[in-house]
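Trainee: need coordinates for the following:
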Amino acid sequence: MKNLSLGALLFVVLFLGTHFSEARLQVCNPSGTIIGKNPPPGQCNQENQSDCCKQGKSYTTYKCSPSVSGSTKAVLTINSFEKGGDGGAPSECDNKYHSDDTPVVALSTGWYSGGSRCLKNIKISANGRSVTAKVVDECDSTMGCDNDHDYQPPCPNNIVDASKAVWKALGVSGNVGELDITWSDA
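Mentor: Numbering: from 1, shown residues only. Here you go, the predicted structure:
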């Protein structure tokens, strides 16, 4: 009888542990796709190695991002938030352009969270260094391949799109293209 009680207790503990850990781990599944179309001539700014949509290519879209923790894994990309830069329009949070010498970022749609992180600082860590940057824009994971998005594909759901100042503070050349990082709310 004692072995049966111990076995039942172990089962309950494992079941509850699994159940509650799954509730904490918010799975972020794709929400759809966009079929690309070629941009009109001169309409896709490829500064900072930005991609342009390709005719007929399927691009995954997301309405969510991975859960945010004290050290959230992400991919750092480079973006110009200046007028005429590959960021396109003024930043979503303040309707302004920002110097490439200012540490600012755009977050994937889920992390941008409808603007709830607008003008707040995040801490980005990589390469043995850290930098604080202000959230000024959304890197749209739900739409792309159109004029509003400079004919660039939707962002993946795990992107921190950063100005040159962020890359410089991390001691990494923006020519790398992408960098694995961690970030947290500052």
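Trainee: now the residue lying closest to Thr102 once chain neighbours are set aside, what's its secondary structure?
Mentor: Of all residues not flanking Thr102 in the chain, Ala165 sits nearest, at 5.6 Å (Cβ to Cβ, 6 or more residues apart in numbering). Every C-beta, even on glycine, is put in place using the N, C-alpha and C of the backbone. When classified by DSSP: H, G, I helix; E, B strand; the rest coil, Ala165 comes out as helix.
Trainee: who are the contact partners of Ala165?
Mentor: Going by Cβ atoms under 8 Å, 6 or more residues apart in numbering, Ala165 touches 99-104, 133.
Trainee: could you rerun that using 10 Å?
Mentor: 81, 98-104, 131, 133 (Cβ atoms under 10 Å, 6 or more residues apart in numbering).
Trainee: which residues in this protein form helices?
Mentor: 2-24, 109-112, 164-169 (DSSP state H).
Trainee: so what strands line up beside the longest strand anywhere in the chain?
Mentor: The strand that spans the most residues within the chain, counting by DSSP state E, is strand 129-139. Strand pairing for strand 129-139, determined by DSSP bridges: strand 104-108 (parallel), strand 121-126 (antiparallel).
Trainee: so where is this structure shaky, pLDDT-wise?
Mentor: In the predicted model, the chain carries pLDDT under 70 at residues 1-26.
Trainee: buried deepest among the strands paired with strand 129-139, which one?
Mentor: strand 104-108 (a mean of 26; mean count of other Cβ atoms under 10 Å).
Trainee: with just CA atoms, put that one into CSV.
Mentor: Coordinates of each C-alpha in strand 104-108 appear next as CSV, following Å, rounded to 0.1, in the frame of the first residue of the first chain:
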residue,chain,number,x,y,z
VAL,A,104,17.3,52.8,-30.0
VAL,A,105,15.5,49.6,-31.0
ALA,A,106,12.4,48.2,-32.7
LEU,A,107,10.9,45.0,-31.2
SER,A,108,9.1,42.2,-32.9
